[in-house]
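coords please:
(chains A, B and C)
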Amino acid sequence: MTFPTTPAPHVVAHDSVGRVMRIVIYALLPTVLLHVAFFGVGLLVQITLGVATALVSEALALRLRRKPVEPFLKDGSAIVTAMLLALCLPPLAPWWLVVSGTAFAILLAKHLYGGLGANPFNPAMVGYAVLLVSFPVQLLQWLPPAGMDMEQVKLSIGETVQTILTGSLPSRLTWDAVTSPTPLEALRTNLKMGMTMAEAQAAPIFGTLGGRGWEWINLATLAGGLALLGLRIIRWHIPVAMLSAIVISASLMYMVDPGTYAGPIFHLTSGASLLGAFFIATDPISAATSDRGRLIYGAGIGVLTYVIRTWGGYPDGVAFAVLLMNLSVPLIDRYTIPRIYGHAR
Amino acid sequence: MITALVTIMVLAALAGLATVVTAGAPEEISLADRIDALLPQTQCRRCTFAGCRPYAEAIAQGAADINQCPPGGERTAKALARLMGVAPKPVGKEFGVVPDHPAVAFIEEEACIGCTKCIQACPVDAIVGASRHMHTVIAADCTGCELCIPPCPVDCIIMRPAPTVAR
Amino acid sequence: MTASELLTGGLRLEAHKQRSTKAPIRIASLAERYVIPLDQHSGLSAVPLVKPSDRVRMWQPIAQPAPGISAWLHSPVSGEVVAIEPRPAPHRLGAPTLSIVIANDGRDERFENAAAIVSFEQISPTEACEHIGRAGIVGLGGAAFPTANKLESSLCENGPQLLLNGAECEPYISCDEMLMRERAEDIVFGGRALLHALCARNCTIAIEEDVPEAQAALLRAIEKAGDSRIRIKVVPAIYPAGGERQLIATVFGVEVPHDGLPADIGIVCQNVGTAAAIARWIRDGQPLVSRIVTVTGDGVTEAGNWEARIGTPFSSLIVDSGGYTERMARLIMGGSMMGIPLPHDDLPVVKATNCIIAASALDLQPRSAEMPCIRCGNCSQACPAFLLPQQLHWYLQPFDGDQLARHGLLDCIECGCCDYVCPSQIPLVERFREAKPLLTRELDARLTADAARARFIARNERLARLEAEHRAKLAAKRRPRNEPTS
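Numbers count the residues shown, from 1 in each chain, chains lettered A, B, ... in the order given. Next up, the predicted model:
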């Protein structure tokens, strides 16, 4: 009797890249739901467009690279990229924005560098940065969150789809009527106009913790992120380091001058702080890889995010902070090799 | 705008400072040193230079190609190509055959007349013996350069497969 | 540094030991032929003392150790030596290894070894080491390192600490657990003999938290012996907590230097099975001619532990266990994480055979298709040697010797934890196993090249110096002497 032989270990856990990505997608759902609740169904249209573009681009790139298409399409990494990018775009942004951004992310930022596992930069953030640099006007056209006495400008589902696909609003509305800056943008503009912090934050766009609506979306993101932590899909090092760095930087500046600088709670619950900490910076492929390295990497993102928000030219800094720290990952990895068993420290 | 520029520059400077501090004093390593570190140190002169170091210096000055080292074989040629940023190519036939296995010289001791010619030829002092006394090769120190073979007047030196190092 | 900090990494795996621990240890039925490979211990092959057609008796020495690290071999039965020829063996797959083949006459005539039974307290520690060596005892945990050699290299004046390893962490294997449950007195006796042979201060028996019966049996045996030097340390059931270096970190809170041995930090680690074998030799005069083998897995009808004589064919043990089930798929010697895959069962039990897994598809989940590494770092969390397998994997293709050495490829213990947790299903351990010899060779070549360079430089300097001296001498001769004028 003869038996086939395979090398040890003879058992492995039932885990797969696909499972990891699927759980990330599920964990994003609370954020998506609340986003829709506050800003309408625009996001769903954007996600649909983004995911379709991502899958087509992924298949195209795999075909061109003569790689098997099916296993890589099924792994879900392209879907995660598309969802993260769509979450960063204004809900009514024209269709070509999400399509070109996603295609750029998958084709250039991911596959040009070798596809899954070989991309040095977070593809979603590359896509976002390219869009932000190329089309700043379209990217800053956010909608006012629900609950701000602007019910008359609410769009129906059909109107939303039409607006995204044609790029123009139904004739009864104008862009000025339906758009509103994000809280971070509003704060920046108001402070520039010489208002004090209290005056600047008195506008209806600001809520209890941070921006109106945004605070709830961010809490949903936090819940999704904690679920990822609990399921051991991500580990605590990057989120904790990044959020602590934001809190510490914001607290320091707030203590120096509370009249000019927003407090730590506002920074935590505004913009993409939590989405960045739990879903973007934790992308393991483009992050540092040892525990110590991840602490440094996360802290770097936190500090840079705060710096760009406060003194930089863009309202939110998560994307650029992540890309800058992606750039320093090889260096961080080089200096943070853990001590090996039996070796002196 | 100015503040942004200044802040980013300060951060960059800090990061640079941190890198320099953690990296310690930069070592002065010349290109020739780095090339020399990749060569097998056989000192066989098959590259037409008077040893590995002279060959390394010749490459560094652009006076020699990266494919002149048969003992190093494909590995060394590849490593040199990567260091020099040129396309890798196989070892040139005119420099000799790439050996399959490392070899060491062996003196057939009955035939040795003790002329010391091989001792003078050995580039790494791996042959011991005295005038009119039998010589022998220290196998662990022999690089297999074969430079001792031509001078031997009685042709008593042969090449044998290198002993495997016990660990 | 606390113990818990030291042993991070590792996995909590399903033990799969219930099936094989239901029945007590049974005696395996006798076979017609016994095949004793001469190289079944680590180190050098033993040298045969018998020739074909010689008659041998049970327990008779049939091979003596080669000088250096090696061990005695004894005949497990009485009968005739039919051949000394290369035979396939489970520990050296690929090439058959020289073995003594003995035909069993079924009479079990015993070889009387007058010197075997001793009162070990009355002989000196050095003699005790030598005496243990004459029984052909090797480490029974799986590595089969000759015990006498280990003891000799560990003898120290101030007395090392003895650690008896009963932490059988690998899934499926239960031979040590059954031994501790049924023969705890042997283990304690062997532990006391080892304490004497090593002049050791104390003896710690490490045992996993999930085997309460074995703990109770050992506690009873220790109490009965009334030896206060022996204590029990319960360790968490984490794989690979039973690895020698990992266990030392867990129990004593110190690490074995990467380029050293446990003896360097005053610790000697022995398997509990080894201690029991020592007891049988010193007390009963029985050399190491049998061991307990777990036969388990969904591929055999009845799992259990068997006391099998060394050289028994695997096929005979399978027959004892009720034969293969129709789901039988793979044969493995050892546990499910590090076991050796075997192509057939016509192989002899060797001293290192702790377990035979007849595995069905239920035992082994086939690996899915390999995906690229996503650097998730699950592997580095699981690695008990604190390596970064994801980085090692990155530097394998293309092979980067410098980085592999920096990232500690040679410190990999091939436990398989990284493989187990990898979501991309990358066969990491297999790749590391293949890369290690390449790296060793590259590092060796670099050392040789450095030595050759140093000698070349030294020689050139010497030649230049001699040349300069020669010239100076010549110049001095040519210079007209200034004769003092009167």
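
From now on I want contacts and neighbour counts done on CA atoms only, so please keep to that.
Fine.

Spell out which residues of chain A are next to chain B.
Within reach of chain B by Cα under 8 Å from any Cα of the partner chain, chain A has these residues: A:307-308, A:311-313.

Could you list which of these belong to helices?
A:307-308, A:311 (DSSP state H).

Include pLDDT, neighbour count and distance to A:Ser244 when you put those into JSON lines, please.
Putting these into JSON lines (pLDDT from 0 to 100; neighbours: other Cα atoms under 10 Å in any protein chain shown; distance: Cα to Cα, whole Å) gives the following:
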{"residue": "A:Val307", "pLDDT": "91", "neighbour count": "21", "distance to A:Ser244": "14"}
{"residue": "A:Ile308", "pLDDT": "89", "neighbour count": "20", "distance to A:Ser244": "16"}
{"residue": "A:Trp311", "pLDDT": "84", "neighbour count": "18", "distance to A:Ser244": "19"}
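
can you list those residues in TSV and add distance to chain C?
Output for those, formatted as TSV (distance: Cα to the nearest Cα, whole Å):
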residue	distance to chain C
A:Val307	28
A:Ile308	28
A:Trp311	33
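
Out of those residues, the closest to chain B would be?
The closest of these to chain B turns out to be A:Trp311 (Cα to the nearest Cα; 4.9 Å).

that older thread, would you mind giving the residues of chain A next to chain B as CSV with distance to A:Leu84 added?
Listed next are the residues of chain A next to chain B as CSV, based on distance: Cα to Cα, whole Å:
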residue, distance to A:Leu84
A:Val307, 23
A:Ile308, 20
A:Trp311, 25
A:Gly312, 23
A:Gly313, 22
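
What is the worst-scoring helix or strand of chain A on mean pLDDT packed up against?
Lowest by mean pLDDT, DSSP states H and E among the helices and strands of chain A is helix A:197-200, with a mean of 70. Judged by 3 or more Cα pairs under 8 Å, 6 or more residues apart in numbering or on different chains; DSSP states H and E, the packing partners of helix A:197-200 are helix A:183-192.

Residue 56 - how many residues pack around it?
Picked chain A for this. Using other Cα atoms under 10 Å in any protein chain shown, A:Val56 has 16 other residues around it.

sorry, should have said chain B
B:Ala56 has 26 nearby residues by other Cα under 10 Å.

now do C:Leu49
For C:Leu49, using other Cα under 10 Å, the count is 11.

Quick check: closest non-adjacent residue to A:Leu222.
A:Leu274 (6.2 Å; Cα to Cα, 6 or more residues apart in numbering or on different chains).

Apart from its chain neighbours, what residue comes closest to B:Thr143?
B:Thr42 (5.0 Å).

Look up phi and psi at that neighbour.
phi -70, psi -30 (degrees, to the nearest 10).

Test my guess that it contacts B:Cys52.
Yes: the pair B:Thr42 / B:Cys52 is scored as a contact, 7.2 Å apart, by Cα atoms under 8 Å.

SS state for C:Val50?
In three-state terms, and counting by DSSP: H, G, I helix; E, B strand; the rest coil, C:Val50 is coil.

and it, how far is that from C:Ser75?
Applying Cα to Cα, to the nearest Å, the value for C:Val50 to C:Ser75 is 10 Å.

Over to B:Ala77?
To C:Ser75, B:Ala77 is 56 Å away according to Cα to Cα.

And C:Gly266, how close does it get to C:Asp259?
Distance, C:Gly266 to C:Asp259, using Cα to Cα: 15 Å.

what sits in contact with each of C:Val50 and C:Ser75?
With contacts taken as Cα atoms under 8 Å, 6 or more residues apart in numbering or on different chains, C:Val50 and C:Ser75 have C:Ile62 as neighbours in common.

the more surrounded of the two?
Neighbours were counted for C:Val50 and for C:Ser75 using other Cα under 10 Å; C:Ser75 has more, 30 against 17.
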